[in-house]
Every structure is written in structure tokens, then in C-alpha cells.
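>>> 3D, please:
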Amino acid sequence: MLIKRPILEAIRDGSVDQVFRRWATARVRSGSTLKTSVGVLEVTSVDEVPEEKITAGDARRAGLESKADLLEQLAAQRSGSIYRIRLRHIGEDPRIALRQSTRFTKAEFAELDSKVQGLGARSDAGPWGLRILRLIADNPGVRAPDLAGEVGMIKAKFKPRVRQLKELGLTESLKVGYRLSPRGKAYLQKVGS
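Residues are numbered from 1 along each chain as shown. So this is what the prediction gives:
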């Protein structure tokens, strides 16, 4: 679920505690978490809401001036039911600290290496983790579609793979493209790039 940066900031400072989306079915569930640019958000509730039950107060709690503004925003979204998603900021993104972790015990390195080497091991194309890490190392700040083309993939398949590497603390997103994190650099150096 994409949330614009100003709303994320407002959720972090507590001045906004809900967003509204129009979906065919709910795409998040209560109790789940979202990793965002301002940290981790918890979804505290997800409720289908009839348009006539939305109030001006709901709009303000969603960071908008009026109910009309909220309805205008929802009208621009796809068709479906309106969902109120209540959110709260619960902490910093743990991947940020993980990215800075550059020293590995033998066991930690073996576990990380096993995870990286295992990425795609069961796919027809074979393991891709190390290949994509090296590609990003050699091409920091290059657009995802261009990187995807380098390995014969479409962007829609490439980006989820980079997200898996990001979950391991090995890469970080830039405004355009990606780069290796300090952890990613340390891993590649240890594995022998």
C-alpha cells in the first residue's frame, strides 16, 4: 500500500492515524505491519465504510481538509468498496540497522550466504541472488528497468527480487535505482566479487 511521504510523516508524528482506499477486497489486514520510509507502521484495523458514513472528522484524521477532498481522492482510485485503514507508527525500520552490520561470525556469514545462494535456486533461471547483487554493485543509481534488461528480466520480476535482497539488509533504494548497503559490500567482499 503506497502512502505519500507527507502522510507518512503525519502518521509518524501522530497527527494522522488513518487512510482510506477503494479496493475490490481489502489488501491489508489488522495486525500486519508496513515497512515505510518513516519506519514501521502497524495496521490496527481495516473496516469497509459506506461513503455516507464518512465524516469531515474522518477526512481530517486522514490528513485532508474536508470530506469533499477525501471523496475526490477516492473517486480517482479504482472501483470497489471504501476501506478505512487505521495505522500507527511502531518504530524504526529494522533493515536500516541491519544494513550497517558489516561484521559476520562464521555462523552468521554461512546463514546469510545460504539465503543469498538459495534465492531462485528452485526457479528455471537458477539462483539469482549473487548475480543481482553484483549487478547493483557495478551499477549504483541505475534505473530498475535498465538493470532488469541487463539480466533479461522485466521490471515487474526484477523489483521483487531486489526487495528480497533489501530484506536481508544488502541493498538500499535510491531516488533512482539502488546501491549496495555497507552490509552488502561486506558480504560481496567476503564471498569474493
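>>> okay, the helix or strand of the chain with the lowest mean pLDDT in CSV with CA atoms only?
Across the helices and strands of the chain, mean pLDDT, DSSP states H and E gives its lowest value to helix 94-100, namely a mean of 85. Taking C-alpha atoms only, helix 94-100 is exported to CSV below (Å, rounded to 0.1, in the frame of the first residue of the first chain):
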residue,chain,number,x,y,z
PRO,A,94,15.0,-2.7,11.4
ARG,A,95,16.6,-3.1,7.9
ILE,A,96,18.3,0.3,8.5
ALA,A,97,20.4,-1.0,11.4
LEU,A,98,20.9,-4.3,9.6
ARG,A,99,22.3,-2.5,6.6
GLN,A,100,25.1,-1.1,8.8
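>>> buried ones in the next helix or strand after it?
Of the helices and strands lying after helix 94-100 in sequence (DSSP states H and E), the nearest is helix 106-118. Counting neighbours by 16 or more other Cβ atoms under 10 Å, one finds that the buried residues in helix 106-118 are 112-113, 116. For the C-beta atoms, the positions are set from N, CA and C on the backbone; glycine is no exception.
>>> Spit out the contact partners of Phe109.
Contact criterion Cβ atoms under 8 Å, 6 or more residues apart in numbering gives 187, 190 as the residues in contact with Phe109.
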